[in-house]
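In: Turn this into a model:
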Amino acid sequence: MQSRTPTRQRLISAAARRFQRQGMAATGLNDVLADAGAPRGSLYHHFPGGKNELAAAAIRHSGAEIAAAIDGALSASPDVPSAIRAFAAFYEARLAASDFRDGCPIATTALEAAALDAPAVEQACDDAIAAWESLLAARLAAAGHRPDRARGLATFIVAALEGALLLAKVRRSAEPLRSTAACLEEALSPR
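Out: Numbering: from 1, shown residues only. Presented below is the predicted three-dimensional model:
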């Protein structure tokens, strides 16, 4: 017999993968259950709030994964421009591995959440992106930027990379990520 935690985590991971690839609206709960290898009753046992509760958990899971990747790039890099290059390379590898089907694990669901009347999902999306911005802002502030400037730059970086991911998917090319990382590096380099 399997414990509850592994089943719950399998459901979250399966939903996160589906939402990243096809969005929340196009993801059926039966698909998530099949991907997770979980019985139907387990979904409402672990997520009594249904699909929206599962989606919020999946977004928190995906957001934490990306936050860890950003933190790893920031920790391993001598400066923010180098970290951006490393993070762009991380996403380039993920895009290539999925044949350009998987972009940002938050973006597709974030774009749908308001239309789906899913405030908890919207909040989870906002929290995930805010966490990424906070990591970048802290590093930018440590590099000497004023706190308000660091926050603004962090938002700019996230917005630029999110747009680059979208273009990379649409064009089936990593070039938008590479060129955006290069432009961000130039913009952030001391003059």
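
In: Sketch out the low-pLDDT regions of this structure for me.
Out: For the chain, applying pLDDT under 70 flags the ranges 1-5, 190-191.

In: redo that, cut-off 90
Out: 1-5, 40, 103, 112-118, 188-191 (pLDDT under 90).

In: can you count the residues close to the closest residue to residue 189 other than its chain neighbours?
Out: Spatial nearest neighbour of residue 189, chain neighbours left out: residue 81 (6.0 Å); criterion: C-beta to C-beta, 6 or more residues apart in numbering. The C-beta positions use only the backbone N, C-alpha and C, and glycine is treated the same way. A count of nearby residues for residue 81, using other C-beta atoms under 10 Å, gives 20.

In: and residue 88, what does it touch?
Out: 161, 164, 177-178, 180-181 (C-beta atoms under 8 Å, 6 or more residues apart in numbering).

In: so who does the residue nearest to residue 189 touch?
Out: 184-185, 188-189.

In: Just the ones in helices from those residues, please.
Out: 184-185, 188 (DSSP state H).

In: and of those residues, the nearest to residue 130?
Out: For the ones in helices among the contacts of residue 81, the residue nearest residue 130 by C-beta to C-beta is residue 184; the value is 19.3 Å.

In: The closest residue to the closest one other than its chain neighbours: how many residues sit nearby?
Out: Spatially, and ignoring its direct neighbours in sequence, residue 184 is nearest to residue 84 (5.1 Å; C-beta to C-beta, 6+ apart). Burial of residue 84 is recorded as 26 neighbouring residues (other C-beta under 10 Å).

In: Contact partners for residue 84?
Out: By C-beta under 8 Å, 6+ apart, the contact set of residue 84 is 73, 157, 161, 181, 184-185, 188.

In: if we go to 10 Å?
Out: Residue 84 makes contact with 70, 73-74, 77, 136, 157, 160-161, 180-185, 187-188, according to C-beta atoms under 10 Å, 6 or more residues apart in numbering.
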